[in-house]
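Trainee: quick one: sequence and predicted model below, then my questions.
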4 protein chains.
Amino acid sequence: MWKIADTEVDSRLLIGSALYPSPEIMCEAIQASNSQIVTVSLRRQSFDGADGEQFWQLLKSLKLNILPNTAGCHSAKEAITTAQMARELFGTHWIKLEVIGDDYSLQPDPFALLEASKELIAQGFEVFPYCTDDLVLCEKLMSAGCRILMPWGAPIGTGKGLINPYALRNLRQRLPEATLIVDAGIGAPSHASQAMEMGFDGVLLNTAVAQANDPINMAQAMGLAVNAGRLAYEAGLMPEQDTAQPSTPTLGTPFWHQT
Amino acid sequence: MWKIADTEVDSRLLIGSALYPSPEIMCEAIQASNSQIVTVSLRRQSFDGADGEQFWQLLKSLKLNILPNTAGCHSAKEAITTAQMARELFGTHWIKLEVIGDDYSLQPDPFALLEASKELIAQGFEVFPYCTDDLVLCEKLMSAGCRILMPWGAPIGTGKGLINPYALRNLRQRLPEATLIVDAGIGAPSHASQAMEMGFDGVLLNTAVAQANDPINMAQAMGLAVNAGRLAYEAGLMPEQDTAQPSTPTLGTPFWHQT
Amino acid sequence: MWKIADTEVDSRLLIGSALYPSPEIMCEAIQASNSQIVTVSLRRQSFDGADGEQFWQLLKSLKLNILPNTAGCHSAKEAITTAQMARELFGTHWIKLEVIGDDYSLQPDPFALLEASKELIAQGFEVFPYCTDDLVLCEKLMSAGCRILMPWGAPIGTGKGLINPYALRNLRQRLPEATLIVDAGIGAPSHASQAMEMGFDGVLLNTAVAQANDPINMAQAMGLAVNAGRLAYEAGLMPEQDTAQPSTPTLGTPFWHQT
Amino acid sequence: MWKIADTEVDSRLLIGSALYPSPEIMCEAIQASNSQIVTVSLRRQSFDGADGEQFWQLLKSLKLNILPNTAGCHSAKEAITTAQMARELFGTHWIKLEVIGDDYSLQPDPFALLEASKELIAQGFEVFPYCTDDLVLCEKLMSAGCRILMPWGAPIGTGKGLINPYALRNLRQRLPEATLIVDAGIGAPSHASQAMEMGFDGVLLNTAVAQANDPINMAQAMGLAVNAGRLAYEAGLMPEQDTAQPSTPTLGTPFWHQT
């Protein structure tokens, strides 16, 4: 059991709902992942047409926590408006705040992100900002009232894993009270596990599952890897050694008395 | 289900039996790992004294496949003799062949390894050689009759993970018919998963579990990570991308028709 | 010959003036490095006492371009005041703008940095901002009028080299018109060369030279490495290959007709 | 000044003579590199035809130390014969011993390499074996009488740099008396410098220069980088730090008394 934004969930994997081959495969994949939090992009006319409505009913049938996001927004103002619409449509004050500062890397804009966070927190939102691994930005977001931060592992959809583990380790160490979720860039279970081994509270991913040849099995793999990484973090990882250490007993010494 | 040396097992994790805080914790950890193959070091007088006998009864009670090893041997001759004793004591023709060529890195000696492999195969052993990631050596071991190869990830007990992924990837690609197990150097679940994602058939580890603060949970974590890595390999990992790819839908496009 | 802020210099190495064992060694090291731009920290009372005056006379005797910095400043206001004092004392409108946002990593504060840059540019300064590798921040600094940007390789004094080459490569590619200097984190000539091979316009370093056992030879080494990296960038580096390519001729083929 | 195989040379760069756009460019590049040792592939009929003769005259005109190699040989026997022919043709007992064990990676065959080394040393050759970074193999080559070892950085022609720095660092540390030259895989000056910073005695490269857009400038760059790396090694590189260290003085402290 784990608590995020006052809600208890079992899984530390947060999952996206885009890019799947079909809505049915999406549903099966999300269930296979064991995730209980799914992020959904607000598309303004989504709920007018049949497709949007159908999609929404499907998602609701999974009985998950919905985390609407402001994907595609390029300014604080646009993100704030989108968040307000999301609150009304999805009936939740949770918002995954994305404000894109660059169209090639889809990098968050630290300035607009902080501005929008302040405003949305004032309006009663629980803001989950998608941010870079910049410590100063993260500290300012926390001062603004964010309890949860979602630093990137790598740019969205690249599958590169954790491109700057030094910065991420530093973030975790310096912000022990924040709920830190690595969001974006995860391409393989080993990446997800690595983030969890570093003490991150969770992982959010989408493309690596949705674009796998077999999204359902990949979703399950990601769920297992997040569990594995968390278990290992709690069990205490061995420190890396520079020289070999025999793992086998010396002749005549009872093997469980060795070091 | 998976077949190694004509034996069907469920788990692709092979586990060691050394360095645990106590025999009881060893047993619990091995069970938590779900591994069905345990490697055991032959200590010549092991079975004379009470400790050795008790340890052996404990291991037998787990009803696993025993993979005796020749840890600590420094020459082909010594390894061959040890293998012969192991066959008698453990009642198996399986042997994990270790011939140490350097006491600091515990690196296998490629020359003695090949010599001992040839002799042991002639004597009817199923040889699991602990080897380096040297392709030429691996090909010679296969020509000598080895069906299973156990290249190192990093020196024993270092927990460094896969120090030369380029060489390992090359091995996997060039030797599609070999059963390849990454043995030694695994320090975290992410390392184990990474090996499996690369298409290795299994992982053998010991220190990372035995020396964890909580060996039982670490063993479970490793078991999960091996499963996760294998599932992901079979499900088809996404290729790494150099630029960001939006994982969120564009306005108005049904989200499952996007690329 | 190379132009930075309308000034022609030969060397692409910028060097710091702190942490040397003695002022004499500092002078010899700077000369050995061949650098023509030296960054100097304004210490408010520097020029009151004898030490400060002596140090200043020494630096002047080297006939280099002085780049005063605002090291140690924690707010835009403090940095602006320091820059103004520096202009008066050193007689230059160049300012290396440092605004620390975190005392452990000495990370720049992107918010205060942008604010101070705007103000100083309005006051006629040529601002050299010490910044992170954040593309959005860098673009905003350029929009504010900066022509030169100094992204970090790693935190000051760590000697870790380029901890995020992906971000740096991206910066270089996206900002072809900016003069980009990698500043901080360089610990070895190979790091300096690597930055230059990526197309950066220059490198600024201090600790790796000043704290070497032999600062003078290390300074020379850094100068050579910067030249090597630039030459190689201009000569066109070979693309990395995944499989081996024989560099030796096949029998009977004239060796210069091979590929 | 530096001694290799009893010969004094200035430069620690060894360079290849293959793959250049023309013999003239080869000559200019070698001169620009400042290298005094050039490796030449024996092509059996080389010296029969005009091309071979012309090439040989050109090389001789450079007044360098010629290091003939056995590139393309796949067995000890073939390599030994080639070495004997090289001794006669080039009038030197130096031989760069290459015995390929795999045609895709051009990896040395450790078994044939050791066999051929023993035989050639018995015949009075100074053997420069091109080998992997396998410590046990390297120790056996030294026991066989090799004074110089040439471990690979990466497979020939890949330009990947040092793919296993851990193994190379280990080699250097464990074999302090060997003359160790990193041979193959160097793609950029930063790679060459990195090898020298680790304490290697020299670097041998070919493709990165010969296949550059501008081989002459690239050759010069490589020469500078090798010098830079060696100078830095001798000057004592700073240890890497995990947290930032201010390189700027604190207010009021004479800057050269700080740590």
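Mentor: In hand now; what should we look at?

Trainee: distance of A:Gln123 relative to A:Ala83?
Mentor: 8 Å (C-beta to C-beta, to the nearest Å). C-betas here are computed from N, CA, C, even on glycine.

Trainee: of these two, who's got more company?
Mentor: Neighbour count, other C-beta atoms under 10 Å in any protein chain shown: between A:Gln123 and A:Ala83, A:Ala83 has more, with 26 against 14.

Trainee: the more buried one is in what secondary structure piece?
Mentor: helix A:76-90 (DSSP states H and E).

Trainee: elements contacting whatever helix or strand comes next after that helix?
Mentor: Using DSSP H and E, the next helix or strand after helix A:76-90 towards the C-terminus is strand A:94-97. Helices and strands touching strand A:94-97, by 3 or more C-beta pairs under 8 Å, 6 or more residues apart in numbering or on different chains; DSSP states H and E, are strand A:65-69, helix A:76-90, helix A:110-122, strand A:126-131.

Trainee: what's strand A:94-97 in contact with?
Mentor: A:5, A:39, A:65-70, A:79, A:83, A:86-87, A:113, A:116-117, A:120, A:125-130, A:150 (C-beta atoms under 8 Å, 6 or more residues apart in numbering or on different chains).

Trainee: show me where chain A has strands.
Mentor: A:2-4, A:7-9, A:13-16, A:37-41, A:65-69, A:94-97, A:126-131, A:148-151, A:179-183, A:202-205 (DSSP state E).

Trainee: now render those as JSON lines, adding mean neighbour count and mean pLDDT.
Mentor: Listed next are the strands of chain A as JSON lines, based on neighbours: other C-beta atoms under 10 Å in any protein chain shown; pLDDT from 0 to 100:
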{"stretch": "strand A:2-4", "mean neighbour count": "15", "mean pLDDT": "93"}
{"stretch": "strand A:7-9", "mean neighbour count": "13", "mean pLDDT": "94"}
{"stretch": "strand A:13-16", "mean neighbour count": "28", "mean pLDDT": "97"}
{"stretch": "strand A:37-41", "mean neighbour count": "25", "mean pLDDT": "94"}
{"stretch": "strand A:65-69", "mean neighbour count": "22", "mean pLDDT": "95"}
{"stretch": "strand A:94-97", "mean neighbour count": "26", "mean pLDDT": "97"}
{"stretch": "strand A:126-131", "mean neighbour count": "26", "mean pLDDT": "98"}
{"stretch": "strand A:148-151", "mean neighbour count": "25", "mean pLDDT": "98"}
{"stretch": "strand A:179-183", "mean neighbour count": "25", "mean pLDDT": "97"}
{"stretch": "strand A:202-205", "mean neighbour count": "28", "mean pLDDT": "98"}
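
Trainee: mind listing what's buried in the lowest-mean-pLDDT helix or strand in chain A?
Mentor: Counting by mean pLDDT, DSSP states H and E, the weakest-scoring helix or strand in chain A turns out to be helix A:50-61, with a mean of 78. The neighbour-count check on helix A:50-61 (16 or more other C-beta atoms under 10 Å in any protein chain shown) flags A:51-52, A:55-56, A:59 as buried.

Trainee: near chain C, which residues of chain A are found?
Mentor: A:101-102, A:104-105, A:107-111, A:114, A:132, A:134-137, A:139-140, A:154, A:160, A:163-164, A:166-167, A:170, A:174 (C-beta under 8 Å from any C-beta of the partner chain).

Trainee: again, only using 6 Å
Mentor: Taking C-beta under 6 Å from any C-beta of the partner chain as the criterion, chain A approaches chain C at residues A:101-102, A:107, A:109-110, A:135-136, A:163-164, A:166.

Trainee: so where is chain A shaky, pLDDT-wise?
Mentor: Chain A contains residues with pLDDT under 70 at A:43-51, A:247-259.

Trainee: need the longest helix for it.
Mentor: Looking across chain A with DSSP state H, the single longest helix is helix A:215-235.

Trainee: against which helices or strands is that one packed?
Mentor: helix A:23-33, helix A:189-197, helix A:207-210, helix B:189-197, helix B:215-235 (3 or more C-beta pairs under 6 Å, 6 or more residues apart in numbering or on different chains; DSSP states H and E).
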